[in-house]
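*Asks:* Structure, please.
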Amino acid sequence: MKLQTRPKEESEINLTSLIDVVLLLLIFFMVSTSFVREAEINLRLPEASASEITEVPTEALEITVTQAGAYLVNGRALVNSERRTLRAAIERLTGEQRNMPVYIRADANATHQAVVTAMDVAGQLGFVNVNISTVTPPDA
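*Replies:* All right, here's what the predicted structure looks like:
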């Protein structure tokens, strides 16, 4: 008895339903993702002008950032440049008074991180009037 062998048909995998499922999952994750803003600092940048020179009021808090990243609070140097030391010095100096203006003065070669840390500490303590002091160069 002679049996005939049939030619084997190539099996196909239908990818249409798989692509539909993947696209639906992609759309689901895009819609359900929430974008959270962890921290945000609101800044009002100063405008420097050569004609107007203002002095720091006596009832103000002045934070100076040196080139090495050390902090001075109202002209007094701190023991170290840690965040908690700066916070303690500001709290000791101002007490519960949070409506006074804060002036941050930084050396031109100070790191950006040191200035942002000073702004962050002032903001966390509840100061809302935080200013960045500008210095007009003598040849301007």
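*Asks:* ok, the closest residue to V65 other than its chain neighbours - contacts?
*Replies:* Leaving aside its sequence neighbours, V65 sits nearest to A106 (Cβ to Cβ, 6 or more residues apart in numbering; 4.1 Å). (Each C-beta comes from the backbone N, C-alpha and C, glycine too.) Contacts for A106 were tallied using Cβ atoms under 8 Å, 6 or more residues apart in numbering; they are 64-65, 114-115, 118, 132.
*Asks:* Which one (most neighbours) among those residues?
*Replies:* A118 (25 neighbours; other Cβ atoms under 10 Å).
*Asks:* so that residue touches L86, yeah?
*Replies:* Yes - between A118 and L86 there is a contact under Cβ atoms under 8 Å: 6.7 Å.
*Asks:* what touches both of the two?
*Replies:* Contacts common to A118 and L86, judged by Cβ under 8 Å, 6+ apart, are 63, 71.
*Asks:* Now do the SS call for E62.
*Replies:* strand (DSSP: H, G, I helix; E, B strand; the rest coil).
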